[in-house]
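# next one to model:
(chains A, B and C)
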Amino acid sequence: MDRHVRRLDGALLLGLAAFVILPWYGLESGIWNGSWFASYPFDPSVAPGAAQLFLRPGFWLLPAALALLSVLVLRFTPSGEKRGTRLAFAGGFGIAALVTEGLAVGYQGWNWSGWERLFGALGDGQPPFGLGAYTLALAFLLTLAFGLAEKGRLRGDAFVLGAITIVVALVSAFVLYPLLSLFIGAFQAIDGTFDASSFTANLLDPSIWSLGCATGSGACGIAWRTVFLALVTGLGTTVLGLSFALVATRTRFPFKRLLRLLTILPIITPPFVIGLALILLFGRSGVVTQWLAVVTGFDGGRWLYGLPGIWIAQMLSFTPIAFMVLIGVVEGISPSMEEAAQTMRANRWRTFWTVSFPLMRPGLANAFLVGFIESMADFGNPLVLGGSHGVLSTEIFFAVVGAQNDPARAAVLALVLLAFTLSAFFAQRLWLKGKSYTTVTGKGDAGRPIDLDPKLRLAAYGMVVPWIVFTVTVYAMILVGSVVRTLGLDNTLTLDHYAKAFSVSYGENGIQWTGVAWNSFWTTMEIALASAPLTAALGLLSAYLLVRQRFAGREALEFLLMLSFAIPGTVIGVSYVLAFNLPPVEMTGTALILVICFVFRNMPVGVRGGIAAMSQLDKSLDEASLTLGANSFTTLRRVVLPLLKPAITSALVYSFVRSITSISAVIFLVSAEYNMATSYIVGLTENGEYGVAIAYSATLIMVMVAVIALFQLVVGKRTLRREAQTAAPATLAPASALAQETPA
Amino acid sequence: MRMVFLATTFLFGAAAFAAPAHAAGSLNLVCAADVKWCELMVRLFEKDHDIKLNMVRMSSGEAYARLRAEARNPKTDIWWAGTGDPHLQAAEDKLTLEYKSPLLSELQPWAQKQAEVSGFRTVGIYSGALGWGYNTDILQKKGLAAPACWKDLTSDKYKGEIQIANPNSSGTAYTALATLVQIMGEDQAFDYLKALNTNVTQYTKSGSAPVKAAARGETGIGIVFMHDAVAMTVQGFPVKTVAPCEGTGFEVGSMSIVKGAKNLENAKVFYDWALSAEVQSHAKEADSFQLPSNTKAEVPPDAPKLSEIKLIDYDFAKYGNSDTRKELLGRWDREIGAQAN
Amino acid sequence: MTVPLKPGSVRFENVQKRFGAVTAIHDLSLEIEPGTLVTLLGPSGCGKTTTLRMLAGLEQPSAGRILIGGRDVTALPANERDVSMVFQSYALFPHMSIADNVAYGLRSGGLSRRAAHERAEEGLALVGLNGFGERLPSELSGGQQQRVAVARALVLEPQVLLLDEPLSNLDTRLRRHVRTEIRELQQRLGFTAVYVTHDQDEALAVSDRIVVMKDGIMAQAGSPRELYEQPASAFIADFIGEANVVPCDVVRTSDGRLGARLGGMVHAIRADSAREGAAKLAIRPNAMFLGDRRPGFLDGRVLSAAYLGDHIEYEVETAFGRLFITDPAVETVRPIASEVGVGLHDRGVALIPA
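Next comes the predicted model:
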């Protein structure tokens, strides 16, 4: 029994330390600075919670203090189911008290006007939470979990209960709470007062919903433009992706390896780089346009800016994702089905249309919806190629940063965008329910997929070959654009752009990082490296809980975790700014907010990958470990994790790469001190410094290739000794993880 | 117990990241000028002072939005450069701090006026007049004459050759809108803009983007501040700058200290430093050809001479006011933005 | 060598288990003596594995208590219970060597690496696998893997060893061999074992006691002999060995003893508890033989006959339904549709209370 007492003591000590020793509120200069120690513990800005009660006087801390006290009392009562119930209650009450208190009291007093009438005005407010408050919250969460364990919930497994409690708390804080803030923000005037009129005005704004282009009276609303673009992109990428999958599996196409390689590229390419390259190719003074003008005298004009340009860029960016989804589907069709059809006198054409294609239909719908959601969420390409009218994601950005500066409008636009992506997400889940026609059983399914009908093969080649040529050209453009002075105008070779971005000089103080890019480059690397392991850890822990544990609300949690995939980055960015700029949680301007944003944005992929990998692990391995006396934590560490190495690697690589390439959420969250590479490059692009922007992008791509290769090398060496199990190569893993991102 | 330990480690690790680094000698600067100029300022300032300058570049609209979002808890100490209107608006919203620099007397009258209008919550640091730059190659190839007046721009000849920023996102474009309203009267100005609209290919987000597009040959004419056009010429692009014959508006690039700045003393140091003649003389090194506000500062030879330009008596108080602004922008959205190509 | 063990008792008190709306176990009460091997037997879905997993701590009862060695373990997680388990799939950790696998539980219990490996080697010796420690599980045959799984569970000296269909992944010949080994080991070391299987031969061969389960209820518990010779129901009779269950009347014969009347035939029965009236008779296939029609035999007609080497399997149509009969008289095969008489041996006939 004594380990139960020990762990409770741990939580209790943590809670007491949090309340009595640690500074309760956030410190201006940071906890490591140490300067706060001078005025400790009686200055209200650095005092611990217990002192705040009297100093401020912060009577709003009283409920939390009572909860802590009751845990202390319960510690000395005999253990058992009854005490478990009480502990769980005390922990839950403590958390509720902290959350309520934090949300209710702001800098200048009550945040909620109703409370002022109820309790009278406050003399003082409170700054954002600091280490003490967060630690106490953690202690309460642990108490709640240990109480439930003592009650015998989930077989009395304290580790699992603790993990569930913490994951739920984190997801609530960093996925649900920001969305809630967004919703509230849509109803708020700038000073925080409730204002429903602007909400309705914004929501009914004709610039969102106008159908002018259909009736011939002007432009269409951005909502319709966005939906139209998403539909076309979804369709286009699905058709192209299917062609790719068919070419890769059912033809003797000579460049299959190249095909696979090209599908990885867009994943490691910052999103607006393709748009930039397209401008260099097809812009009015682009290479191709100029050449056409010389040859035919035809002035290409500016057709690229607007929906056509965005569409082309998205086709280049998202076709690989459709391919990743569809290759699994195409490979999943049992050859024996097709062979059966052929023995029944069907030729290849008929076999394809009557057997193979119908079996692919759910996969096609899935690919379409993924393309639809990706297009809706895309920010980088519309930003560069948008022309006069944007799409929802860019309009959100300009509503916040533009001269009009209207957070309420941004919130409304974000809600509209969210409504679209969520509908697609729900449609996908509904559509896929019980509709997987994957026919490979894994047992004795001999046979070789039949070759494609010649007509179909021709059609597929007709789409795939131009795409390959196009993609190769675009990437060549990126390389060339970075080493000539000004592409099109002055084609002299130069390394100036690289020098400007990444020059290093040796001064009297040693190495001086004189290039303009270094600052954002190192920040990006640090943040990507910090968030990758956290993403992988949290993602795999969640996957473990979802696959291996049965608890109330499990499906709701899984849904929540997957949900953040359907939330576009711009929406996340806006909601984080709205949620985390004021007490109780203030993180804007820090590196932490970037790290947290990446963790929760990339986690769905880690969870997906973890679920897929863990479903293949025999559950009796965990159970064997448990019955052999190891607890859940040891089991996770010594049995589950070593067997999940490929999944871990792919989660690490994926989140690392995505942290480097993502822009949509980041652009809201960067600050003077923590600027990221992508937002810096966007700044360069805005200023027309295409050369440096492209040089920087090319460098980022190289760095990511190097990192992936390194991972591959490390993992390649560590595959299980002599075992027949084949580890998925790390380079492909992130891509396939991306494809699995949506329930397949 | 182990779990408690792990969780604690995580928490402290997170706390380490969460700590915003306000080292003893640091200053958070929002810079709303060209990124080159911003970086130059950082280099110069850090050379002269033992203060860590954290700079983030934003457009002036973004900068104002950032200040407003952070109003209750500012992370920014000082906001340098960018067109004057948002600075005035911030002053009006009491987002910025009253401060009279000892160097105030050295400044040009328009810079001092900017300070007075705002109740000394902002000050002029440079000025520039509105105009446009055109790509000589393109106009020559199409056999077009260079437009000399605002009214020339609505000619059919320039169809598909003009870019200007969207006044919703760009202070430059708002200055243009306000200028036209002041020259022509509101209704006529909107009629004019409607006519212009048929020639405009794109309303860009950033104020100086149109002339950059013109420089690279993406468009023929970009309506911008003239110093932005000059910068393109100096960089070797085939761009010529035009001052409109009917007269034109101008901006007063400004600087404000944020109210509630965490590093107030350092902010004042930067403020006084940035107003000095010596610092302002460096602007041309960053291809910035605005007119400096310090009377003793060296004026770049390439800079457009304000004396040769017909300037209107721009009413900063009226057109910087947020109600006027909202009304004009709303009308622009309805009548122009909705019809844009 | 022997591993010193401290066999424990097991007690289920009114245990229930529900999965959502489905009730897997209805009110199970059960007592297992220390040092015995008890088999949970039943068709798939009867709740036997759920019972075992509740005992291991891998499932939690919805109601009731479970005691091991007299201590209430109902709320204890699996790793805090003094039991260990051999899994159907063996669940050997594929990334650890055999020695690491066997030492795993010892290391979890806090033993030093060295001590754990010494003990692991002893455990492997116990199942005849000394010297295999360095190999990986994938390099062992199925039977060897199975023995490693047993060794891994045994070195922890649990109060109770749980075996979940431990032989189902082995081929028929090996299965017979290994089950003998397990039984021998259990008797030699004297530990308590709970053994789950759906194979009645296996259950009969290894058990001290068999608990037959059906639809979440304990159908009958007893020694193998009791179950075979005195089945409490038609289900047991048919499940433990095959049986033809036919309706009969229990009558008092002229000598005052009880007999089961089946048509014109009266079969003497020994059951003391039997009462006069309608009942059922369970007749093993090998308790019948075929002859010509005559009084005292049942009239029948051959429907099918299959020659199986050491016996012939017949299906015979009678007034009491179709009977399945195995007849060792392989010299004469009765042709299909021939008229026959069916006679009963003394043994292999049991009366089932109605």
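
# can you pull out the strands in chain B?
B:26-31, B:52-57, B:78-80, B:123-135, B:162-165, B:200-204, B:221-225, B:239-242, B:250-257, B:291-292 (DSSP state E).

# do the stretch 201-350 of chain C as well
For the stretch 201-350 of chain C, the strands defined by DSSP state E, counting those that start in this stretch cover C:209-214, C:217-222, C:244-252, C:258-262, C:265-268, C:277-283, C:288-291, C:298-307, C:312-318, C:321-327, C:339-344, C:349-352.

# can you add mean pLDDT and give the ones you listed back as CSV?
Rendered in CSV, the data for the strands of the stretch 201-350 of chain C read as follows (pLDDT from 0 to 100):
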stretch, mean pLDDT
strand C:209-214, 93
strand C:217-222, 91
strand C:244-252, 86
strand C:258-262, 82
strand C:265-268, 80
strand C:277-283, 86
strand C:288-291, 88
strand C:298-307, 90
strand C:312-318, 92
strand C:321-327, 90
strand C:339-344, 89
strand C:349-352, 85
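
# format the ones you listed as CSV; extra columns: distance to A:A293 and mean neighbour count.
The C-beta positions use only the backbone N, C-alpha and C, and glycine is treated the same way. Listed next are the strands of the stretch 201-350 of chain C as CSV, based on distance: least, Cβ to Cβ, whole Å; neighbours: other Cβ atoms under 10 Å in any protein chain shown:
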stretch, distance to A:A293, mean neighbour count
strand C:209-214, 86, 23
strand C:217-222, 88, 19
strand C:244-252, 96, 17
strand C:258-262, 107, 20
strand C:265-268, 109, 16
strand C:277-283, 99, 19
strand C:288-291, 102, 19
strand C:298-307, 90, 16
strand C:312-318, 93, 19
strand C:321-327, 93, 17
strand C:339-344, 104, 18
strand C:349-352, 100, 22
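
# closest one to chain B among those strands?
If you check each of the strands of the stretch 201-350 of chain C against chain B by Cβ to the nearest Cβ, strand C:209-214 wins as the nearest, at 38.6 Å.

# that closest one pairs with which strands, parallel or anti?
Sheet pairing here is set by DSSP bridges, and for strand C:209-214 it gives strand C:37-41 (parallel), strand C:217-222 (antiparallel).

# for it, C-alpha coordinates in PDB please.
These are the backbone C-alpha positions of strand C:209-214, laid out as PDB (Å, rounded to 0.1, in the frame of the first residue of the first chain):
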ATOM      1  CA  ARG C 209     -10.600 -29.900 -11.300                       C
ATOM      2  CA  ILE C 210     -12.600 -28.600 -14.200                       C
ATOM      3  CA  VAL C 211     -15.000 -25.600 -14.200                       C
ATOM      4  CA  VAL C 212     -17.200 -25.700 -17.200                       C
ATOM      5  CA  MET C 213     -18.700 -22.400 -18.200                       C
ATOM      6  CA  LYS C 214     -21.500 -21.500 -20.500                       C
END
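
# what sits up against it?
Applying Cβ atoms under 8 Å, 6 or more residues apart in numbering or on different chains, the external contacts of strand C:209-214 come out as C:30, C:32, C:36-43, C:46-48, C:51, C:203-204, C:218-224, C:227, C:235-236, C:239-240.

# on that earlier part again, nearest to C:E165, out of the strands of chain B?
Across the strands of chain B, the minimum distance to C:E165, taken as Cβ to Cβ, is reached by strand B:52-57, at 65.5 Å.

# which residues are in contact with residue 102?
Just going to use chain A. Applying Cβ under 8 Å, 6+ apart as the definition, the contact partners of A:G102 turn out to be A:129, A:133, A:583-585.

# looking at chain B here, not the other one
Residues near B:P102 by Cβ under 8 Å, 6+ apart: B:D272.

# circling back: among the contacts of A:G102, who's most crowded?
Compared across those, A:A133 has the highest neighbour count, 28 neighbours, by other Cβ atoms under 10 Å in any protein chain shown.

# check which residues of stretch B:324-333 are buried.
Buried residues in stretch B:324-333, counted by 16 or more other Cβ atoms under 10 Å in any protein chain shown: B:325, B:328-329, B:331-333.

# who touches it?
Residues outside stretch B:324-333 that contact it (Cβ under 8 Å, 6+ apart) are A:207, A:403-404, B:85, B:89, B:167-168, B:174, B:177-178, B:181, B:186, B:190, B:193, B:318-319.

# how far away from the center of its chain is that stretch?
Chain-centre distance of stretch B:324-333: 19 Å, with Cα atoms, centre = their mean, to the nearest Å.

# does C:A306 touch C:T326 like I think?
No - the pair C:A306 and C:T326 fails to qualify as a contact (Cβ atoms under 8 Å) at a distance of 9.9 Å.

# which residues do the two both contact?
With the criterion set as Cβ under 8 Å, 6+ apart, the overlap between the contacts of C:A306 and C:T326 is C:312-313.

# apart from its chain neighbours, what residue comes closest to B:K94?
Counting by Cβ to Cβ, 6 or more residues apart in numbering or on different chains, B:K94 lies nearest to B:K259, which is 6.6 Å off, once chain neighbours are set aside.

# can you count the residues close to that neighbour?
Using other Cβ under 10 Å as the criterion, B:K259 is surrounded by 18 other residues.

# before we move on, what about A:L103?
15.

# then A:L240?
Around A:L240 sit 25 other residues, with neighbours defined as other Cβ under 10 Å.

# do the one 4 residues further on as well
A:F244 sits with 29 neighbouring residues when counted by other Cβ under 10 Å.

# keep only those of the contacts of stretch B:324-333 that are in helices.
Counting by DSSP state H, the contacts of stretch B:324-333 place A:207, B:85, B:89, B:174, B:177-178, B:181, B:186, B:190, B:193, B:318-319 in helices.

# now render these as a markdown table, adding pLDDT and neighbour count.
As requested, the ones in helices among the contacts of stretch B:324-333 are arranged in a markdown table below (pLDDT from 0 to 100; neighbours: other Cβ atoms under 10 Å in any protein chain shown):
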| residue | pLDDT | neighbour count |
| --- | --- | --- |
| A:S207 | 74 | 19 |
| B:D85 | 81 | 25 |
| B:Q89 | 84 | 23 |
| B:Y174 | 88 | 29 |
| B:L177 | 93 | 23 |
| B:A178 | 92 | 25 |
| B:V181 | 94 | 23 |
| B:E186 | 92 | 13 |
| B:F190 | 93 | 20 |
| B:L193 | 93 | 23 |
| B:K318 | 86 | 13 |
| B:Y319 | 86 | 20 |
